[in-house]
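Colleague: Here's my sequence, what's the structure:
(2 chains)
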Amino acid sequence: MKQGTVQKITLFALFTVLCILILVPFYAVTIASFKPGEDLIRYGLNLRFDLSVMSLDNFVFLFSGDHAYFTWFFNSLLLTVVQVTLTLLVSATVAYGFSAYEFRGKNFLFICVLLIMMVPFEILLLPLYTLTFDLGLMNSYSAIILPGVASAATIFFFRQYLRGIPKEMIAAGRVDGAHEYAIYVRLILPVMKPSFAAMAILNGMNSWNNFLWPFMVLSNENKYTLPIGLKTLLTPYGNNYDLLIVGSFFSILPILALFLGFQKYFIDGMTAGAVKG
Amino acid sequence: MIKKVLYSQKVAPYVFVLPFVLVFVIFWVYPLLSSFGMSFQKVTLGQEAQWIGADNYTKLMGDTIFFKAVRNSAAYMILTLAILIPFPMLFAVLLNNKAVWGREFFKSSFFFPALTSVVVAGTIFRLMFGEMEGSLINSVLGLFGIEPVKFLKGQVTGYIALVALASWRWMGVNMLYFMSGLKNIPDDYYEAASIDGASAFQRFTKITIPLLKPTTIYVLTISIYAGLAMFIESMMLWNGNNSPKNIGLTIVGYLYRQGIEKNNLGYAAAVGIVLLLITMIINLTQLAISGMFKKED
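Modeller: Just a heads-up that it's a prediction; the model follows:
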């Protein structure tokens, strides 16, 4: 046998093992969503595929509507859509300001963008909490959306992308008599479309899965997002495992479907910061 | 007149960056300053704050639970760095070989865990590391004749679960970082080295590792940040912010406990400032050592 073949088989075996290790939790949660909650309480999460205890009961319950699951689901959807739209528009505008002009204070402001990426957001939890309280924004989605609307990582990504756009385009726009904002809206925004896709996906994923800050802001069950709702199914007084496990399983499906459709954009968005352009 | 000024090339850039300036001042500078101020006060929500000088900091230095939290966060950071940098780098190099069967399939499968929210991932891992003999990890250990382990009741075993969760979620993402870094290394380098008779190991240590440096620094920076700021993972594994003997308590967990659960906001603010200092010192030192500041542009 040629050495290349041995090498190929070894690598394939290595990655297969790694792949199994990584996918096992998904398999376990999938089969668990077909088992009664008491099975989870008694045996924990396991790999036993046992048709005699498996049924569609959890799914029937999930879709029967005798709980707030789909309220949380649609809240998450709404919040994600609004948050992503605003964040992309605002961040793109800021990034364009940084890339198209030379102005006083530009370097200082850009260092501030980079600094934000290095300060743990968590240390702002308390002052933001009191600020939100003072502004009367408790229990509102604005309190979740506003602090992240000029997202440092997104601004950084768009700026890197805009560096590749020739300055002549802007000059040509000026010669044609377009004013500064018209140039941005009519000439630049359309060119940015591909970068919007990557950032929409990345921001969407983060927003869909965001937990800590929304958890602190939202107190009304009807306003909960999906992760918060799922978290509240676990209480010190007992856990609603039937709904929790099937709800967890179901919450992964939309984003998984999105991923399978738009893999390239997930990966572009994710790895955007890693390589200095 | 106003329109003319607003539309001029001198003013337009400021209009474009204005949203950032507003967000930065309102949601970063102001909270940061007020956090700093709060750390010198006794603050309870709804009551007049009281100036108490450096008392919070003095108290913090004698607080054994706080130091427990710092040790936990540091251990988590070091363990995740030790696993989530060398292994993804090695796997990325191996998977970068176009001859690997099912390469695209593996790449996407490894990414899946990053799609899950920490709430869902934490729930799954809590149940997998359950103490019953039937739960996943214990049933595997059972195959080797090992008695069921109460993972979440002990410091070391608890951290095994925590680090397993982190490794599971980020292994594939870090691999992707390294793979996109590898794209920037020209093939010629490897060909030239092969002609000169360099072994695969030599090519890895002499070409790949040095040229992956920018990617490694990036991954290192975000991992230090994420490691020190970890909280929700622990909260999900232990179903709350209270673990037996605080084995899962992290710095942010302590900040949350003091600030939100005990309404002791001034003291919690001091915890936050210490966390900020630790993060900045570690990251700036790391960036200085790796020479990031010298070759900036």
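Colleague: wait, A:L45 sits on A:A32?
Modeller: Yes. Counting by CB atoms under 8 Å, A:L45 touches A:A32, with 5.7 Å between them. No exception for glycine: its C-beta is placed from N, CA and C like everyone else's.
Colleague: Spit out the residues that contact these two alike.
Modeller: Listed as contacting both A:L45 and A:A32 by CB atoms under 8 Å, 6 or more residues apart in numbering or on different chains are B:L127.
Colleague: got the residue ranges for the strands in the chain?
Modeller: As the question left the chain open, I've gone with chain A. Ranges of strands in chain A, per DSSP state E, are A:234-235, A:238-239.
Colleague: wait, I meant chain B there
Modeller: B:41-42, B:50-51.
Colleague: could you dump those to TSV with distance to B:G240 and mean pLDDT?
Modeller: Output for these, formatted as TSV (distance: least, CB to CB, whole Å; pLDDT from 0 to 100):
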stretch	distance to B:G240	mean pLDDT
strand B:41-42	26	92
strand B:50-51	30	89
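Colleague: Can you tell me which of these is most buried?
Modeller: Mean neighbour count (mean count of other CB atoms under 10 Å in any protein chain shown) peaks for strand B:41-42 among these, with a mean of 19.
Colleague: Out of the strands of chain B, which is closest to chain A?
Modeller: Chain A lies closest, by CB to the nearest CB, to one member of the strands of chain B: strand B:41-42, at 11.7 Å.
Colleague: and the strands of chain A, which one is worst for confidence?
Modeller: With a mean of 65, strand A:238-239 has the lowest mean pLDDT of the strands of chain A.
Colleague: tell me the contacts of A:M169?
Modeller: Residues near A:M169 by CB under 8 Å, 6+ apart: A:L187, A:I188, A:V191.
Colleague: hang on, B:Y254 packs against B:R71?
Modeller: No. In this structure B:Y254 lies outside contact range of B:R71 using CB under 8 Å: 11.5 Å.
Colleague: Which of those two has more residues huddled nearby?
Modeller: Neighbours per residue, other CB atoms under 10 Å in any protein chain shown: of B:Y254 and B:R71, the larger number sits with B:Y254, 28 against 13.
Colleague: got a pLDDT number for the nearest residue to that one once chain neighbours are set aside?
Modeller: Spatial nearest neighbour of B:Y254, chain neighbours left out: B:A69 (4.2 Å); criterion: CB to CB, 6 or more residues apart in numbering or on different chains. We have a pLDDT of 97 for B:A69.
Colleague: Run a quick neighbour tally on B:A69.
Modeller: As a burial measure, B:A69 scores 23 neighbours (other CB under 10 Å).
Colleague: Return the residues in contact with it.
Modeller: B:N246, B:L249, B:T250, B:I251, B:G253, B:Y254.
Colleague: and residue 241, how many neighbours does it have?
Modeller: Chain wasn't specified; assuming chain A. 21.
Colleague: That was the other one, I meant chain B.
Modeller: If you count neighbours by other CB under 10 Å, B:N241 ends up with 19.
Colleague: I'd say it and B:L249 touch.
Modeller: Yes. Between B:N241 and B:L249 there is a contact at 7.5 Å, judged by CB under 8 Å.
Colleague: any idea how far B:G197 is from B:Y190?
Modeller: To B:G197, B:Y190 is 13 Å away according to CB to CB, to the nearest Å.
Colleague: Settle it for me: which of the two has more neighbours?
Modeller: B:Y190 (15 against 7).
Colleague: Quick check: end-to-end length of stretch B:91-111?
Modeller: 13 Å (CA to CA, to the nearest Å).
Colleague: May I have the residues that are in contact with A:L244?
Modeller: A:L244 makes contacts with A:G37, A:L230, A:L233, A:L234, B:T123, as judged by CB under 8 Å, 6+ apart.
Colleague: show me the contacts for the fourth one.
Modeller: When contacts are counted by CB under 8 Å, 6+ apart, A:L234 touches A:N240, A:L244, B:T123, B:N239.
Colleague: Angles on the backbone of the closest residue to chain A within the stretch 101-250 of chain B, please.
Modeller: Closest residue of the stretch 101-250 of chain B to chain A, CB to the nearest CB: B:S135 (2.5 Å). Main-chain dihedrals, B:S135, degrees, to the nearest 10: phi -70, psi 150.
Colleague: Now it. Nearest residue, chain neighbours left out?
Modeller: Excluding its sequence neighbours, the residue lying closest to B:S135 (CB to CB, 6+ apart) is A:G44, at 2.5 Å.
Colleague: What distance do you get for B:L284 to chain A?
Modeller: 9 Å (CB to the nearest CB, to the nearest Å).
Colleague: What distance do you get for that residue to B:G227?
Modeller: Relative to B:G227, B:L284 is positioned 16 Å away (CB to CB).
Colleague: neighbour-wise, which of those two wins?
Modeller: Using other CB under 10 Å as the criterion, B:L284 and B:G227 rank with B:G227 on top: 22 against 13.
Colleague: Hmm, B:M77 and the more buried one touching each other?
Modeller: Yes. Contact criterion CB under 8 Å: B:G227 and B:M77 qualify, at 2.9 Å.
Colleague: Show the pLDDT at the residue nearest to the spatial centre of chain B.
Modeller: For chain B, B:A226 is the residue whose C-alpha lies nearest the centre (CA atoms, centre = their mean; 1.3 Å). For B:A226, the pLDDT comes out at 93.
Colleague: and B:L95, what is it in contact with?
Modeller: A:L11, A:F15, B:R103, B:F106, B:K107, B:M175, B:M179.
Colleague: Could you report the pLDDT at it?
Modeller: 93.
Colleague: That one and B:A164, how far apart?
Modeller: 21 Å.
Colleague: One more: B:A268?
Modeller: Taken as CB to CB, the span from B:A268 to B:A164 is 30 Å.
Colleague: ok, and does the lengthiest helix in chain B reach over to chain A?
Modeller: In terms of residue count, the longest helix belonging to chain B (DSSP state H) is helix B:155-182. Yes. Using CB under 8 Å from any CB of the partner chain, helix B:155-182 reaches chain A at B:W168, B:M171, B:G172, B:V173, B:L176, B:Y177, B:S180, B:G181.
Colleague: Identify, from those residues, the entry nearest to A:I267.
Modeller: Among the residues of helix B:155-182 next to chain A, B:L176 lies closest to A:I267 (CB to CB), at 5.9 Å.
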